[in-house]
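[1] With the sequence up front, the predicted model follows.
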Amino acid sequence: MRGAAMIEASPVAVAKQQTAFGKAFPYVLECGLPEATREMTGDWVRHHRDELLNQASEHGAILFRGFPVASAEDFDAFIAAFDLPNFPYNQSLSNAVRINWTERVFSANEAPAELTIFFHHEMAQTPIFPSKLFFFCEQPAEQGGETPLCRSDLLYQQLSERCPEFARNCEQKGLRYSNVMPSENDPLSGMGRNWQSTLGAQSREQAEARLAALDYTWEWLPGNCLRATTPVLPAVREVADGRKSFFNQLIAAFLGWKDTRNDPAKAIRFGDGEPLDADAVKVAAELADDLAFDVPWQSGDVVLLDNFLVMHGRRSFVGKRKVLASLVAVQRHAISPEGDGPQSGPHWSSSPKRAVAGG
């Protein structure tokens with residue numbers, strides 16, 4: 001642990017940094033040793049691991065600045081030092097096209113630069129999701145390309161005041177998401193991952209078996225596309241001190257799930273099948289933007305997010321931008337055998353269990 005003793009990391013302030021429930025958001029740690037190495041940094045992370053994870057939970061996000069992280073391999077080593085279970089991209093149900101760089105590290109999203117990726121909790125639209133995630137900036141964009149962050153506990157608090165009935169429906173009814181996956185990756189879409197990769201399947205039969213195990217409904221469409229609809233998933237999650245987090249992909253799905261196959265109007269409904277109030281969704285999106293902190297990326301920056309507390313997105317950008325990501329500590333919504341919704345919350349109906357249509 002020689003490196004841990006040599007490195008001193010101090011909290012610093014950055015422009016437009018916020019305070020949420022008495023804590024800096026995000027918490028920023030700057031390395032004070034210019035000659036620090038990858039090995040020394042790994043020792044430092046291992047030595048301070050528990051403290052750093054607690055800070056991530058308290059603050060929602062930590063921005064590490066000035067550490068010797070310059071490549072995907074450096075980023076991989078930084079993550080490995082936390083000794084958290086890896087959640088590989090190929091085992092996730094993410095609908096984004098990504099490129100793997102190491103076993104732990106992949107591109108954040110391959111969507112075109114002109115597309116905005118709206119606020120969401122990572123993979124909250126699936127039964128399987130990471131509890132934490134890391135981002136690393138190898139190259140910031142020439143213009144734009146920030147990663148906006150939003151405290152979802154603050155968002156839900158304000159949404160409950162502005163739209164109490166909508167917030168209550170989200171918590172009590174839950175949400176069902178529906179998206180159409182292509183048969184081949186679509187590089188022009190922010191949700192263009194093909195169904196074979198998403199489901200780890202080589203045939204329709206294998207895809208259907210995976211969906212059935214996840215309690216999804218599905219429909220085969222022309223062009224060998226696949227529409228998949230989730231069981232009822234929570235939209236609100238209890239976090240520390242009895243606070244509640246707006247843990248979902250409601251804003252992203254309602255505003256951004258749009259491509260040649262997908263219509264945002266059909267992407268999301270309440271768990272009982274009722275449509276969402278478009279005006280209330282607009283309020284939620286406006287509140288999230290008002291609460292946003294845009295990470296001012298510098299080369300070498302690493303961000304650790306608590307996925308239960310913090311939503312993120314991506315601003316459109318100009319020029320080359322390389323931001324990598326890694327998912328850790330997988331969790332899942334427990335679906336009851338009867339298909340009655342997440343066991344951790346109200347038991348909403350999610351029947352029928354499946355529907356198959358040819359074509």
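    Great, that's in hand. Numbering: from 1, shown residues only.

[2] For residue 115, which non-adjacent residue is closest in space?
    Counting by Cβ to Cβ, 6 or more residues apart in numbering, residue 190 is the residue found nearest to residue 115 once chain neighbours are left out, at 5.4 Å. Every residue, glycine included, has its C-beta placed from N, CA and C.

[3] brain fart, residue 96
    residue 109 (4.8 Å).

[4] re earlier: let's verify the residue nearest to residue 115: helix, strand, or coil?
    Assigned with DSSP: H, G, I helix; E, B strand; the rest coil, residue 190 falls in the coil class.

[5] tell me the contacts of it?
    Shown in contact with residue 190 (Cβ atoms under 8 Å, 6 or more residues apart in numbering): 96, 109, 111, 115, 117, 256, 259.

[6] measure the second one to residue 182 for me?
    Meaning residue 109. Distance check for residue 109 against residue 182: by Cβ to Cβ, to the nearest Å, it reads 16 Å.

[7] So between the two, which is more surrounded?
    Shown here are residue 109 and residue 182; by other Cβ atoms under 10 Å, residue 182 has more neighbours (23 against 19).

[8] what about that one, distance to residue 304?
    Using Cβ to Cβ, one gets 33 Å for the distance from residue 182 to residue 304.

[9] can you check residue 311 too?
    Relative to residue 304, residue 311 is positioned 15 Å away (Cβ to Cβ).

[10] Compare those two (neighbour count), which wins?
    Taking other Cβ under 10 Å, residue 311 and residue 304 do not tie; residue 311 has more neighbours (29 against 26).

[11] ok, the more buried one - contacts?
    119-121, 149-150, 152, 155, 246, 251, 288.

[12] what do you get if the cut-off is 10 Å, keeping everything else the same?
    Residue 311 sits next to 60, 118-122, 124, 148-152, 155, 245-249, 251-252, 288, 291-292, 305 when contact means Cβ atoms under 10 Å, 6 or more residues apart in numbering.

[13] Is it in a helix, a strand, or coil?
    Following three-state DSSP, residue 311 is assigned to strand.

[14] Report the beta-bridge partners for it.
    On the basis of DSSP bridges, residue 311 is bridged to residue 150.

[15] Please tell me how far the nearest residue to residue 293 once chain neighbours are set aside sits from residue 30.
    Nearest residue to residue 293 in three dimensions, chain neighbours excluded: residue 149, at 4.9 Å (Cβ to Cβ, 6+ apart). For residue 149, the distance to residue 30 equals 18 Å [Cβ to Cβ].

[16] And for residue 7?
    11 Å.

[17] Among those two, which residue is more densely surrounded?
    Just comparing residue 7 and residue 30: by other Cβ under 10 Å the higher neighbour count belongs to residue 7, 21 against 15.
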